[in-house]
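J.: fold the following and give me the result.
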Amino acid sequence: MKNIPRVKITDEAKKVIAELRAKHGALMFHQSGGCCDGSSPMCYADGDFIVGRSDVWLGAIDNCDFFMAKDQFEFWKHTELTIDVTPGRGASFSIEIPLGVRFVTKSRVFSVEETENLIETRRGDMI
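T.: Coordinates of the predicted model:
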């Protein structure tokens with residue numbers, strides 16, 4: 001077991017990404033901290049969100065880089081994140097909102113074996 005991804009995506013979320021990519025081009029995600037919709041994964045046109053030293057690259061989902069705020073990563077570093085979609089309109093700046101859906105994060109704790117084989121994270125300013 002090698003290179004276990006930290007973040008995954010559902011087929012339904014991939015369909016939304018395909019629709020967004022057709023309209024906006026390359027995309028990226030950022031999972032920030034906060035409450036309410038501030039804790040939802042946010043989808044942006046690539047380059048519309050500035051990634052900095054306080055962000056950690058977790059991997060890519062459907063060819064979209066996925067970042068998380070460093071302080072959030074400290075809480076979530078032992079969990080697998082799965083990005084999905086749900087009907088409803090969120091109150092965020094994420095670009096899927098006009099489609100009547102919003103991205104959500106589902107999580108589960110990694111096993112000890114998985115933890116030993118995780119894909120390495122990188123700091124945002126190293127990308």
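
J.: how about the helices in this structure?
T.: 11-24, 70-76, 112-116 (DSSP state H).

J.: so what's K106 up against?
T.: Applying Cβ atoms under 8 Å, 6 or more residues apart in numbering, we find K106 in contact with L81, T82, I83, D84. For glycine as for every other residue, the C-beta is placed from the backbone atoms N, C-alpha and C.

J.: rerun that using 7 Å as the cut-off
T.: Shown in contact with K106 (Cβ atoms under 7 Å, 6 or more residues apart in numbering): T82, D84.

J.: could you measure from it over to G90?
T.: K106 sits 16 Å away from G90, going by Cβ to Cβ, to the nearest Å.

J.: likewise for D71?
T.: From D71 across to G90, the span is 22 Å (Cβ to Cβ).

J.: more neighbours: those two, which one.
T.: Shown here are D71 and G90; by other Cβ atoms under 10 Å, G90 has more neighbours (17 against 11).

J.: distance of L20 from L99?
T.: From L20 to L99 the distance is 8 Å (Cβ to Cβ).
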